[in-house]
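Asker: My questions concern the predicted model and sequence given below.
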Protein chains: 4
Amino acid sequence: MTAAPVETKKPVRPTADGTGSFTESIADRTGLPFGEDAVGAPASRRVLRSQGKRTMRKLLDAAMVAFDQRGYHATRVNDVVEIAKTSHGTFYLYFSNKEDLLRALVTEAASEAQHLYDTLTAAPEQGGTPDWDDVRGWISAYSTLWVRNAPLFRSWTDLATIDPELIEVIRQTFTVMAEALAQQIGPEASGHIIDPQAAGLAVLAMLDRFHYLREFAGQPVDEIAIDTMTTMVYRALFNDA
Amino acid sequence: MTAAPVETKKPVRPTADGTGSFTESIADRTGLPFGEDAVGAPASRRVLRSQGKRTMRKLLDAAMVAFDQRGYHATRVNDVVEIAKTSHGTFYLYFSNKEDLLRALVTEAASEAQHLYDTLTAAPEQGGTPDWDDVRGWISAYSTLWVRNAPLFRSWTDLATIDPELIEVIRQTFTVMAEALAQQIGPEASGHIIDPQAAGLAVLAMLDRFHYLREFAGQPVDEIAIDTMTTMVYRALFNDA
Amino acid sequence: MTAAPVETKKPVRPTADGTGSFTESIADRTGLPFGEDAVGAPASRRVLRSQGKRTMRKLLDAAMVAFDQRGYHATRVNDVVEIAKTSHGTFYLYFSNKEDLLRALVTEAASEAQHLYDTLTAAPEQGGTPDWDDVRGWISAYSTLWVRNAPLFRSWTDLATIDPELIEVIRQTFTVMAEALAQQIGPEASGHIIDPQAAGLAVLAMLDRFHYLREFAGQPVDEIAIDTMTTMVYRALFNDA
Amino acid sequence: MTAAPVETKKPVRPTADGTGSFTESIADRTGLPFGEDAVGAPASRRVLRSQGKRTMRKLLDAAMVAFDQRGYHATRVNDVVEIAKTSHGTFYLYFSNKEDLLRALVTEAASEAQHLYDTLTAAPEQGGTPDWDDVRGWISAYSTLWVRNAPLFRSWTDLATIDPELIEVIRQTFTVMAEALAQQIGPEASGHIIDPQAAGLAVLAMLDRFHYLREFAGQPVDEIAIDTMTTMVYRALFNDA
DNA sequence: TATGAATGAGTGTTCATTCAT
DNA sequence: TATGAATGAACACTCATTCAT
C-alpha cells in the first residue's frame, strides 16, 4: 500500500496547522543562531534533534533562495525541496504549508529588524540630537538588513496579502521603527510643518523602497547612495541651522 | 489548500492573441484619447463600437475593484467577471488573458504618471530652483495619482514579477520620473555628498512607499502628511541656506 | 497560461462549499424525476440548463456505478469522471467535492425511502392490524428500494462516518421508518415482552442487513426469501393467535 | 481536502512480509492460546518475548480504540502509534502493514464468534426445540460479543471491501452461524413458507444490524431490547402453537 | 527492540482558457 | 456580441512504509 486518504475532517498529526506563534523562538529548535538570537516559527511542535534541525535550516535557506529567484507566489514547494535536496514529504514534516514556511522566514527577518530598532533607540546618547555619522550608521545598518533579506523585503507589500498573521508582524515591525525614528526627531527640532510621526514613517519608506528601486534599476546600493540618503535625512530632520 | 498556480511557467495552450504591445495605442481601439484620458487594451484588433467600449470599461473597472479587494494574485478571472456582471466568455472577447488585462490597467496608470512627469519638467521656470510651493504642488499631485491607482501602485513590486513587458513599463516610468527630479536638484545646489540620481530616486521611493505604509497603518495621507513630506524634500534638496 | 493559484483563504466561486441542503430538491435542477419526485442536493447554486442537467445526471449515475464497483472509499473522482465520460474540471462544476456528490446520492435515496414510509403509514386502513399480504407488500417494496440503491445501502454504516450532515439524513430516515413500523405494531397486540420501538427497529435491521448478507453470500434476495421474512415478521409481530 | 487514498490499487513498494495468513495460529507467536482467548497476528515470524508481546498488545488495543473513534479508513498508522505511545518504526516491527493489523483484530473477533457458534450447536439438547430461555441466552451472548467488538462489527460491511482474505473470514463466520441457526429451526417446525437457510440469516442480520442502529440512535441495547428480540425470534421461528 | 527521520506515489481541487450555441 | 459549459494542466498535501541510528 502506498499513499493514503484524508477522509476525515482535518489533519491528525500534531503539526498544529498554522499556529506557530511568532513569539516562539526558532532558535529553540534549530539552535542555529540567526543574527544573534534567531526567531521564527516552524509548523510542527515536534522537538527536533540535531538532524531535524539541520534539515529545517536547509529548507529555510532553500526557501530564501527560491523566493529570491522567483518570488513567493511563483515558488513551488517543489522548488524549495529541490534546492534543499530533500523530499516533498520531508517539507511537510517541518512546515504545515508554504505559508507556514513564509511565516518562519518573515519572523526571522522581523527579529533582525528588532535588533536594528534596539540599536536605534539605545544609540544616540540620551537627549542629544543625532549627528550625521549617527544617521549614516543607522542607514547603513538598515541597508545591510535589507540586502540580507532582500527576497522578503522586496515583496513586503505582497506578502502582507497572504496571511493576517503576517500582516500583523509586518505592521508591528514598521510601526515600532517609525516610532523610534519619530522620537529621534523631537518636536522642537522638527520645525513647524513637520509631523514627527509622518516624518519617521517617511524615512522608513524612503529607505525601504530605495533599495527596491535601485535593485530594480540594476544598480546596487553603494556607499555613495548611502551617503546621499544620509545627507537627505540629516538635512530634512536634524539640520535646523 | 490544494491545486495551485503557474504564474511563471509560460502558457501551454496557444493564446489567441498574446501580444497586446504597450506601444500600440489604446486610443486606436477605444477611440478614447490616449495621453489625456486613455483606456485599457483589448486583446484582439477588433474595433469596438459603443457597446463594446462600455463592456470593456466595465471589465477594467471591475478588475480595479477586484485587485483592490484581493490583490492581483488572488483575483480570479471569475471575480472580475462577476463584478462586471458579465460572462467568462465575454472576458476573453476583450482581453487575451489575465495578464493582458493587467497590462491594460498598468498602461492607463503609467499614462497618468506620464502627465505628472510632464508637469514636473515643464513647471519650474527654466533654471530656477523650485520653491516650497512648487514641491508641495508636485507631491500633492503624486499623492492624488497614487490614491487613484492604489490597487496597482500598492503592488507595483509584485506586479513586476509577472511579465517582462510590465517590468519595462514600470522601470521606464520610475526612471523617467527620477531623472526629472534629479534635473531639478542640479549639481551646484546638491552639496558635496549628494548624488542627484540617487536623490531623485530616493524622493520617489519615499513618496511611493509612504502612501503604502500609511494605508497599511490605517491612516490616510492627509494634508499634514503632505506638508511634512514637502518640508522634508525641500530641506533635503533645495534649502541650502 | 493554464491552471492557477489559490493563495487566498478559500474558494471564491459561488459553489457554496458543502452547503447543499438536503431538503432542496434535486429535481428542481435536473428536472429528471427519480422515483416520482427526486431529491438530492448538488453543490453549486448555479441554475442549470438542460445541458447542465444532463451532465449532472451523468455524473450521479456514474458515481452510482463506481461506488457499486469499488465502494465509496476506493472510488476516485477520476473513476467517476471516466465513467461519465467527462472531465475532471467538469466534475467540480457540479459538485464541490466527492463528499458533496455522495450527499446528493444519499439524499436521492433518502427521498425514495421517504416514499416507502408514506406508503407504510397510509396503507393499512385505519386501526386495522396488517395482514400477511400487507406485510409482504411492504417488505417487497423495501427490497426493491434496497436493490436499486445497493451501492449506498450496502455501506450505510461506513458512509455515516464521513460527514455529520450525512449522519443526520441517515438517522432521520431510519428513525422515521422504525417509528412508523412501531405504530403498526400497537401496544395491545404486542404482548408483554415486546417494546414496539425496539421491534420496529429490529425489523428494519433485519431487512437492511439481510440484503447485504445475501449479496455477500452470492445469493440474490428471491421471492422465497421475501416470503420467509414476511412470515417471520408477521408471526413475530401480528400473529397473536 | 487534498491528497488522497489508494485503498484499492495494490502496493507499489515491496512489502517486507505481506502474508500473515489466517490459518497460522496467533498462539504460535504470542504464546497466548488461540480458541480461548487468542491474540493478534504479527508480521514476521519472530517469536516474541514478553516485552514484545506487551508491545504488540498495546498496538492491538490502541488500534481498537482508534477504530472506535474514527473508523478503520480514517485511522492513520500514526493514530494507532500515538495511542499506543510507541513509534512508527515499532509498528512495522509487529505488523507488516495496516491491513495486517486489521486482519489480526478481525481474527481475534472471529475466534470469539466461533465460541458462540460452538455454544449454539452444542446447547439445545439433541432434537429438542429451543425454548424462550435458550433463545434469549444465545441472543444475549451475541450482544455481548457485538458490544465487545463494536469497532469491528460496526463496519463489518466496509472492512469486507479491503482485503479478499478478510472477506473470506467474515463470510465464513456468518455462514457458519447462519447454518447453525438454520439447523435449530428444523423443517417441520418451520411452517410452509419459511426457508430455514434464509431464516437463519435473517436472524443473524437482525441481531447484527440492530446493535448498530441502536448505537447510531444513541440508545444502548438494554435488557428490554434483548427481550424484545428474543420474543420476536422465538415467535417467528419456534412458536408454532 | 525502539525510534525519529525520510520518502514519494497518489489524489483532490483550482482556475485560466477554449468552445458551442 | 454574449454566454454557460467543458477542459485539463498544474500543484499542494497526506500518509503508508522504509531507513539509519
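Answerer: Great, that's in hand.
Asker: Could you report the neighbour count for A:Ala66?
Answerer: By other C-beta atoms under 10 Å in any protein chain shown, 24 other residues sit near A:Ala66. C-beta: built from backbone N, CA, C; applies to glycine.
Asker: domain assignment for chain A?
Answerer: Domains of chain A are assigned by automatic domain parsing as A:27-99, A:107-238.
Asker: hmm, the shortest one in reach of chain D?
Answerer: No. If you take C-beta under 8 Å from any C-beta of the partner chain as the test, domain A:27-99 misses chain D, and the best it gets is 10.0 Å.
Asker: Could you pull up the mean pLDDT of that domain?
Answerer: Mean pLDDT, domain A:27-99: 78.
Asker: Just the helices from chain A, written as ranges.
Answerer: With DSSP state H, the ranges of helices along chain A come out as A:27-30, A:50-74, A:77-83, A:88-94, A:98-122, A:132-148, A:150-153, A:156-162, A:164-185, A:187-190, A:196-216, A:223-233.
Asker: For my notes, please list the domains of chain A in CSV and give distance to chain B for each entry.
Answerer: Below are these laid out as CSV (distance: least, C-beta to the nearest C-beta, whole Å):
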stretch, distance to chain B
domain A:27-99, 4
domain A:107-238, 4
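Asker: Out of those, flag the one nearest D:Tyr234.
Answerer: domain A:27-99 (57.9 Å; C-beta to C-beta).
Asker: okay if I get the helices of chain A as CSV plus distance to C:Glu82?
Answerer: Listed next are these as CSV, based on distance: least, C-beta to C-beta, whole Å:
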stretch, distance to C:Glu82
helix A:27-30, 46
helix A:50-74, 33
helix A:77-83, 27
helix A:88-94, 27
helix A:98-122, 31
helix A:132-148, 52
helix A:150-153, 43
helix A:156-162, 36
helix A:164-185, 41
helix A:187-190, 72
helix A:196-216, 49
helix A:223-233, 61
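Asker: Of all these, which one is nearest DNA strand E?
Answerer: With respect to DNA strand E, and counting by C-beta to the nearest atom of the strand, the nearest of the helices of chain A is helix A:88-94 at 1.5 Å.
Asker: hmm, back to that, DNA strand F: which of the domains of chain A is closest?
Answerer: Of all those, domain A:27-99 comes closest under C-beta to the nearest atom of the strand, at 3.1 Å.
Asker: quick one on the thing from earlier: just put the domains of chain A in a markdown table and tack on distance to DNA strand E.
Answerer: Converted to a markdown table, these look like this (distance: least, C-beta to the nearest atom of the strand, whole Å):
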| stretch | distance to DNA strand E |
| --- | --- |
| domain A:27-99 | 2 |
| domain A:107-238 | 13 |
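Asker: how about those in a markdown table, adding distance to C:Glu165?
Answerer: Formatted as a markdown table, the domains of chain A follow (distance: least, C-beta to C-beta, whole Å):
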| stretch | distance to C:Glu165 |
| --- | --- |
| domain A:27-99 | 27 |
| domain A:107-238 | 29 |
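Asker: Of those domains, give the one that comes closest to D:Arg76.
Answerer: domain A:27-99 (14.0 Å).
Asker: quick one on the thing from earlier: for B:Met232, which of the helices of chain A is the nearest?
Answerer: Closest among the helices of chain A, using C-beta to C-beta: helix A:196-216, at 6.0 Å.
Asker: D:Thr121: which of the helices of chain A is closest?
Answerer: It's helix A:88-94; of those, that one is closest to D:Thr121 (C-beta to C-beta) at 52.3 Å.
Asker: Just the CA trace of stretch A:214-223, in CSV.
Answerer: The C-alpha coordinates for stretch A:214-223 follow below in CSV (Å, rounded to 0.1, in the frame of the first residue of the first chain):
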residue,chain,number,x,y,z
ARG,A,214,17.8,50.5,-7.2
GLU,A,215,17.8,46.8,-7.4
PHE,A,216,15.1,47.1,-10.0
ALA,A,217,17.2,49.5,-11.9
GLY,A,218,20.1,47.1,-11.8
GLN,A,219,22.3,49.4,-9.6
PRO,A,220,23.3,48.1,-6.2
VAL,A,221,23.0,50.5,-3.2
ASP,A,222,26.6,51.6,-2.9
GLU,A,223,28.4,53.9,-0.4
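Asker: Which positions within it qualify as buried?
Answerer: Within stretch A:214-223, the residues that qualify as buried are A:Arg214, A:Glu215, A:Phe216, A:Val221, counting by 16 or more other C-beta atoms under 10 Å in any protein chain shown.
Asker: Spatially, which pair of the residues you listed is furthest apart? Let me know, please.
Answerer: It's A:Phe216 and A:Val221 that sit farthest apart of the buried residues of stretch A:214-223, by C-beta to C-beta, at 11.6 Å.
Asker: Overlap in contacts, those two.
Answerer: Common contact partners of A:Phe216 and A:Val221 (C-beta atoms under 8 Å, 6 or more residues apart in numbering or on different chains): none.
Asker: Out of the buried residues of stretch A:214-223, the closest to A:Tyr92 would be?
Answerer: Of these, the one sitting nearest to A:Tyr92 (C-beta to C-beta) turns out to be A:Glu215, at 32.4 Å.
Asker: So which residue is dead centre in chain A?
Answerer: A:Ala109 (2.9 Å; C-alpha atoms, centre = their mean).
Asker: Need the nearest residue in space to it, chain neighbours excluded.
Answerer: Excluding the flanking residues, the one nearest A:Ala109 by C-beta to C-beta, 6 or more residues apart in numbering or on different chains is A:Asn149, at 4.4 Å.
Asker: re the thing from before, out of the helices of chain A, the one nearest D:Ala63 is which?
Answerer: helix A:88-94 (23.6 Å).
Asker: same for that closest one, what does it pack against?
Answerer: Helix A:88-94 is packed against helix A:50-74, helix A:77-83, with contacts defined by 3 or more C-beta pairs under 8 Å, 6 or more residues apart in numbering or on different chains; DSSP states H and E.
Asker: correct me, but A:Asp208 touches A:Trp146?
Answerer: Yes. Using C-beta atoms under 8 Å, A:Asp208 is in contact with A:Trp146, at 7.2 Å.
Asker: Quick check: neighbours shared by those two?
Answerer: A:Phe153.
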